[in-house]
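Enquirer: Sequence and predicted structure below; questions after.
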Amino acid sequence: MNFDFNYLLKISPQILSYLPVTLMLAVVSMACAMVIGLGLSLLRNSKSMVVSKLVELYISLFRGMPSLVQLFIIYFGLPQLFPALTGMSATTAAIIGFSLKTSAYMAEIYRAGLASVDPTQMEAGLSIGMRRAQIYRRIILPQALLNALPATGNTFISLIKDTSVAFALGVSEMFAEGKMIAAESLRYFETFLVVGLIYWLVIIGYARLQALLEKKLSHSLQR
């Protein structure tokens, strides 16, 4: 077996140096997706049939289209329709693409989270004179977001791994760097093993942080 462990150790720091780019793509995209997704979930419950159907169309479109296709449409296609976007960077296009796609999943997660809250709490809040906005902000949303936390975490984990497709736009993240190193050295196994292990360790670290956050928020809500 032609496995070079020393080479694996040698290239690890080089690949690891691109981890901040990967995390930046994931964190910024997830933050945007959470905001957009929450707005979509609230709009989907709108009394307006037109608004509700438009949100359903948005969710269906971005959930049904591969990430790479969406990135290509945004980065290469949109500048043809809107010349002002010609100077858009690959990183910006990647963040927009990941945010829009992930927001479609987050909208469904938040919708389920809102549905999990007992509707009588809205009635109780209205009966004591609270406005709907106050009830959502103080009572319903905290419970819904907590209920949605496990699914939100799983979505973020998937997003971290999906950022690897940003290399197709020329974004220099971990997978892109690994691909270049492998092409130069022809040490594909060692190189991509390093990339895979780094992703794995990041996911393990995040999963533990999420477990601690869930535990802390659950205790706070019970009090």
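Expert: Received the coordinates, thanks.
Enquirer: When you work out contacts or count neighbours from here on, use the C-alpha atoms and nothing else.
Expert: Fine.
Enquirer: Centre-most residue in this structure?
Expert: In the chain, the residue lying closest to the centroid (C-alpha atoms, centre = their mean) is Met30, at 3.8 Å.
Enquirer: Skip ahead from the helix or strand encompassing that residue and say which helix or strand is next.
Expert: Per DSSP states H and E: Met30 is located in helix 19-44. Counting by DSSP H and E, the next helix or strand C-terminal to helix 19-44 is helix 49-64.
Enquirer: Buried residues of that next one, list them for me.
Expert: Using 16 or more other C-alpha atoms under 10 Å as the test for burial, helix 49-64 gives 52, 55-56, 58-59, 62-63.
Enquirer: Which neighbouring elements make contact with the lengthiest helix in the chain?
Expert: Looking across the chain with DSSP state H, the single longest helix is helix 188-222. Where contact means 3 or more C-alpha pairs under 8 Å, 6 or more residues apart in numbering; DSSP states H and E, helix 188-222 is packed against helix 5-16, helix 141-162, helix 174-185.
Enquirer: now the angle from it to helix 141-162?
Expert: With axes from the mean of the first three to the mean of the last three C-alpha atoms, to 10 degrees as the basis, helix 188-222 and helix 141-162 are set at 180 degrees to each other.
Enquirer: Off-centre distance for helix 188-222?
Expert: Helix 188-222 sits 14 Å away from the centroid of its parent chain (C-alpha atoms, centre = their mean, to the nearest Å).
Enquirer: Quick check: buried residues in the helix or strand bottoming out on mean pLDDT in the chain?
Expert: Ranked by mean pLDDT, DSSP states H and E, the weakest helix or strand in the chain is helix 120-127, scoring a mean of 75. Neighbour-count burial for helix 120-127, counted by 16+ other C-alpha under 10 Å, picks out 122, 125.
Enquirer: and Tyr7, what does it touch?
Expert: Applying C-alpha atoms under 8 Å, 6 or more residues apart in numbering, we find Tyr7 in contact with Glu190.
Enquirer: redo that, cut-off 10 Å
Expert: 185, 187, 190-191 (C-alpha atoms under 10 Å, 6 or more residues apart in numbering).
Enquirer: now swap in Phe72 and tell me
Expert: Per C-alpha under 10 Å, 6+ apart, neighbours of Phe72: 78, 93-94, 97, 166, 168-169.
Enquirer: same thing with Ala107?
Expert: Shown in contact with Ala107 (C-alpha under 10 Å, 6+ apart): 33-44, 55-56, 59, 113.
Enquirer: same thing with Ala94?
Expert: Neighbours of Ala94 in contact, by C-alpha under 10 Å, 6+ apart: 25-26, 29, 67-68, 70-72, 74-75, 100, 163, 165-171.
Enquirer: Just the buried ones from those residues?
Expert: Among the contacts of Ala94, those buried by neighbour count (16+ other C-alpha under 10 Å) are 25-26, 29, 67-68, 70-72, 74-75, 100, 163, 165-167, 169, 171.
Enquirer: Number of residues surrounding the closest residue to Ile181 other than its chain neighbours?
Expert: Among residues not flanking Ile181 along the chain, Thr191 sits closest, at 7.1 Å (C-alpha to C-alpha, 6 or more residues apart in numbering). Close neighbours of Thr191, defined as other C-alpha atoms under 10 Å, add up to 25.
Enquirer: residue ranges with poor pLDDT in this protein?
Expert: The chain contains residues with pLDDT under 70 at 1, 219-223.
Enquirer: close enough to count as contact, the residue nearest to Ile181 and Leu16?
Expert: No - the pair Thr191 / Leu16 is not scored as a contact, 11.5 Å apart, by C-alpha atoms under 10 Å.
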